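[1] here are the coordinates; sequence isn't available:
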């Protein structure tokens, strides 16, 4: 019995020494499921998730056998987290950092690589490491608009101070303030023209619906959406400002979802206003449209996109 206790004690000591001496481990991105929420001021804060806009949080375990159920991350003394991403032409991702009270601390669009660290080297430090106070809870979220298979390149946690060979590449930048009210007349004229062209094809305008701004969590700088019920053989035309042209906004997209499929539409043309035609060839169903804008201030005067339904 004594021998067994000694052996077990030695094994636990050996495992402890192995665990303690592990300098780093690879992490995993845990996908947030629809219906998940966080609690703030006794209220449920639901995640804004849709088919092509998915939310993840980083998870780490030294032995790589545990998946933590909580999205909170805590850095110990001299610990760091490094992450990098492969960039695709039509892929957009965003990193949002919150404190434990769900206050947004930082939002970073399309970073190539970045480091979070509890090592504070002062204002004179010229690197771009993002400082997180040791022992405090933080939330780090990755939102990715899937247009190709999303590939996470690296996600590593360092448990001891290291001299990074990797280079942090990201741009905080300033948010764009845009005023689109001067485009309202142009939007009206485009919708009028669409109505006339559809009438010539013997389609009648059933209704015009406008997108509405909503609160998006994790952070989206500016977000609008619209849901409609569309009957079989009805035509739907989405009309919006071409922000890639008007304010040079990269990765401007409108996500379109139905129960049977989803797609990302990139409103690109030579004109300020652009449109997309959809046909419902199935039975009556719900269409959901999302326009999440990154790099645009919430105080901007945005023209809602319009959804014209014809029968």
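    Perfect, thanks for sending it. Just so you know, these numbers come straight off a predicted model, no measurement behind them.

[2] Residue 293 touches residue 225, doesn't it?
    No: between residue 293 and residue 225 there is no contact under Cβ atoms under 8 Å: 11.7 Å. The C-beta positions use only the backbone N, C-alpha and C, and glycine is treated the same way.

[3] which one of those two has more residues nearby?
    Using other Cβ atoms under 10 Å as the criterion, residue 293 and residue 225 rank with residue 293 on top: 24 against 20.

[4] Run through the bridge partners of the spatially most central residue of the chain.
    The residue lying closest to the centre of the chain (Cα atoms, centre = their mean) is residue 143, at 2.4 Å. On the basis of DSSP bridges, residue 143 is bridged to residue 55, residue 94.

[5] just use 411 as the starting number from now, easier for me
    Let's use 411 as the start, then, which means that last one is residue 553.

[6] pLDDT score for it?
    The confidence metric pLDDT takes the value 92 at residue 553.

[7] Over to residue 660?
    80.

[8] Okay, it and residue 707: tell me how far apart.
    When distance is defined by Cβ to Cβ, to the nearest Å, residue 660 is 16 Å away from residue 707.

[9] which of the two has more neighbours?
    Shown here are residue 660 and residue 707; by other Cβ under 10 Å, residue 707 has more neighbours (14 against 11).

[10] Give me the distance between the residue nearest to that one when sequence neighbours are not counted and residue 521.
    The shortest distance from residue 707 to any residue other than its chain neighbours is 4.3 Å, reached at residue 585 (Cβ to Cβ, 6 or more residues apart in numbering). Distance, residue 585 to residue 521, using Cβ to Cβ: 16 Å.

[11] before we move on, what about residue 485?
    Residue 485 is 18 Å from residue 521, by Cβ to Cβ.

[12] if we can go back for a sec, count the residues that sit near the residue nearest to residue 707.
    Using other Cβ under 10 Å, residue 585 is surrounded by 18 other residues.

[13] Next: residue 463.
    Close neighbours of residue 463, defined as other Cβ under 10 Å, add up to 23.

[14] quick one: contacts for the nearest residue to it once chain neighbours are set aside?
    Excluding its sequence neighbours, the residue lying closest to residue 463 (Cβ to Cβ, 6+ apart) is residue 555, at 5.3 Å. Residue 555 sits next to 462-463, 501-503, 661, 663, 665, 674, 702 when contact means Cβ atoms under 8 Å, 6 or more residues apart in numbering.

[15] Just the ones in strands from those residues, please.
    463, 502-503, 665, 674, 702 (DSSP state E).

[16] Show residues contacting stretch 709-716.
    586-591, 593-594, 597, 601, 618-623, 632, 634, 636, 648-651, 664, 699, 701, 703, 706.

[17] now do 7 Å
    Here stretch 709-716 makes contact (Cβ atoms under 7 Å, 6 or more residues apart in numbering) with 587-591, 593-594, 597, 601, 618-622, 632, 634, 648-651, 664, 701.

[18] Could you tell me the end-to-end distance of that stretch?
    20 Å (Cα to Cα, to the nearest Å).

[19] What of stretch 565-572?
    15 Å.
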